[in-house]
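Colleague: structure of the sequence below:
(one chain, ligands or ions: 1)
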Amino acid sequence: MIRHLLPGVLFALLAACVLSFIAARSAQATLPDSHHSDTQAPPPLPELGQLELPWECSEAFRVTQTHDVGSHTGLGTWAFDFDLPVGTPVSAPAAGEVRLVHDDSTRHGCGPEFAWDANYVVIDLQNGYDALLLHLDAGSVTVKPGDKVEAGQVVGRVGNSGWVCGTHLHFQVQRSCSSWWCQSVPAGFAEHPQPQTGQELSRPVCEAEPQMALAG
Ligand SMILES: [Zn+2]
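Modeller: Okay, the predicted model is just below:
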């Protein structure tokens with residue numbers, strides 16, 4: 001009798017194990033997104049590989065912070081920080097339309113309580129994504145919402161505003177949302193697809209630069 005029952009019992013135990021495993025997996029899948037799950041499964045964004053570095057032609061600056069470390073977690077997980085000094089012109093990384101501007105804050109400090117005091121330009125890249133240029137100098141922004149900008153067009157200058165522990169430009173590509181601070185996504189630049197912390201990134205000399213005129 002027991003010999004007849006044994007295969008059935010074993011099958012039932014195995015089925016119970018498989019079912020509970022599947023239930024556990026589907027429970028995990030319904031948890032809200034954390035920045036860790038974003039890190040593991042970046043969405044495919046092939047069109048964002050052609051961005052230009054957000055500063056003037058032939059200039060070079062260093063990457064001081066990349067992804068999922070320090071202040072770059074949550075919505076800012078995929079941001080970059082670059083060591084631009086105060087007063088350095090900041091430019092649009094691609095063509096688009098200015099969506100939001102904040103330009104009148106002089107408050108800053110080394111802590112998250114200053115995060116909402118940052119000056120910024122948000123450029124709608126017209127593909128569902130924005131470019132966010134953050135920590136600009138008060139009064140330095142030269143564009144307003146609705147303005148069309150070209151890649152490389154200067155839109156403001158770096159300054160200390162918001163959450164800064166040393167002057168820098170915070171740059172991220174983000175999914176457009178109703179705020180200036182939206183979910184960042186993986187992005188790279190035409191000449192530097194995957195910038196690393198400590199790397200110096202140089203923007204090439206552009207055509208029709210003064211150097212070209214001198215050479216002619
Ligand atoms: Zn940053």
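Colleague: and for the residue in the chain that the ion sits nearest to, the neighbour number?
Modeller: Proximity of the chain to the ion (CB to the ion) peaks at H170, 3.4 Å away. Where you see a C-beta, it was placed from the backbone N, CA and C, and this is true even at glycine. H170 has 24 neighbours, counted by other CB atoms under 10 Å.
Colleague: same question for R99.
Modeller: Number of residues near R99 (other CB under 10 Å) recorded here: 18.
Colleague: tell me who's in contact with it.
Modeller: Applying CB atoms under 8 Å, 6 or more residues apart in numbering to R99 gives the contacts 122-124, 130, 145, 176.
Colleague: could you work out the most separated pair of those?
Modeller: Maximum pairwise distance among these (CB to CB): 13.3 Å, between P145 and S176.
Colleague: who has more neighbours, those two?
Modeller: With neighbours defined as other CB under 10 Å, P145 and S176 compare such that S176 has more, 16 against 12.
Colleague: which residue is the nearest non-sequential neighbour of the more buried one?
Modeller: D130 (5.1 Å; CB to CB, 6 or more residues apart in numbering).
Colleague: could you do R175 as well?
Modeller: Counting by CB to CB, 6+ apart, R175 lies nearest to Q183, which is 5.0 Å off, once chain neighbours are set aside.
Colleague: repeat for V205
Modeller: S58 is the one closest to V205 (CB to CB, 6+ apart), at 4.5 Å.
Colleague: V185 contacts R175, correct?
Modeller: Yes: using CB atoms under 8 Å, V185 is in contact with R175, at 6.2 Å.
Colleague: looking at these two now, which is surrounded by more residues?
Modeller: V185 (19 against 14).
Colleague: for Q172, see how far away that one is.
Modeller: Going from V185 to Q172 by CB to CB, to the nearest Å gives 8 Å.
Colleague: what is in contact with those two at once?
Modeller: W78.
Colleague: pull the contacting residues for E97.
Modeller: So E97 contacts 123-124, 126, 146-149 (CB under 8 Å, 6+ apart).
Colleague: does it count as helix, strand or coil?
Modeller: Assigned with DSSP: H, G, I helix; E, B strand; the rest coil, E97 falls in the strand class.
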